[in-house]
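1. sharing a model prediction with you, sequence too.
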Amino acid sequence: MNIGFVAHDSKKKLMQNFCIAYRGILSKNELFATGTTGRLIEEATNLSVHKYLAGHLGGCQQLGAQIEHNEMDLVIFLRDPLTAKSHEPDVNNIVRICDANNIPLATNLATAELLIKSLDRGDLEWRDMYK
């Protein structure tokens, strides 16, 4: 399965810790991330991550394009809802595109853990029907 990762600056360390904790599950999948987030995941886990541009430089649009083309099976977007972002339309676009294309999306740690555990159990195999 293809998993996309995005994390706002204040959530990047949390994303690293999440990926360390679930490294075993993640290693069985293809990983994609915006630039800095991808680099930090690679450094923390030694997993291979396809890195887009930094989110604010177009990485969110690159991920969005994959979602729109049904090339992403799951997105984990650890966002900081309390801090305004200059590229807020890009952020909201990821959420909107996931909803429009029926792509499971986690925007916080609790939901991310549920989705990753579901993935490991095989609960997301229904995504294969969409490909």
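-> Cool, the structure landed.

2. tell me where the chain has helices.
-> Using DSSP state H, the helices of the chain run over residues 12-21, 23-26, 35-45, 59-68, 88-100, 109-121.

3. now the last one and helix 12-21, what's the angle there?
-> Between helix 109-121 and helix 12-21, the angle comes out at 20 degrees (axes from the mean of the first three to the mean of the last three Cα atoms, to 10 degrees).

4. residues in contact with helix 109-121?
-> Counting by Cβ atoms under 8 Å, 6 or more residues apart in numbering, the neighbours of helix 109-121 from elsewhere in the structure are 1, 3, 14, 18, 22, 25-26, 29, 74, 76, 78, 104, 106, 124. Just so you know, the C-beta spots here come from the backbone N, C-alpha and C atoms, and that holds for glycine as well.

5. if you set the cut-off to 7 Å instead, what comes out?
-> Around helix 109-121, the neighbours that count as contacts under Cβ atoms under 7 Å, 6 or more residues apart in numbering are 1, 14, 18, 22, 25, 74, 76, 78, 104, 106, 124.

6. and for the fourth one?
-> Under the criterion Cβ under 7 Å, 6+ apart, residues 4, 6, 32, 34-35, 52-53, 72, 75, 90-91, 93-94, 97-98, 101, 103 lie in contact with helix 59-68.

7. if we use 10 Å, what do you get?
-> By Cβ atoms under 10 Å, 6 or more residues apart in numbering, the list of residues contacting helix 59-68 from outside reads 2, 4-6, 32-38, 50-55, 58, 71-73, 75, 77, 87, 89-94, 96-98, 100-101, 103, 105.

8. now those residues: which count as buried?
-> The neighbour count (16 or more other Cβ atoms under 10 Å) marks 2, 4-6, 32-38, 51-52, 54-55, 58, 72-73, 75, 77, 87, 90-91, 93-94, 97-98, 103, 105 as buried among the contacts of helix 59-68.

9. flag the helix or strand of this protein with the lowest per-element mean pLDDT.
-> In the chain, no helix or strand scores lower on mean pLDDT, DSSP states H and E than helix 88-100, which sits at a mean of 82.

10. so residue 46 sits right up against residue 31, yeah?
-> No: Residue 46 is not in contact with residue 31 according to Cβ atoms under 10 Å; the separation is 11.8 Å.
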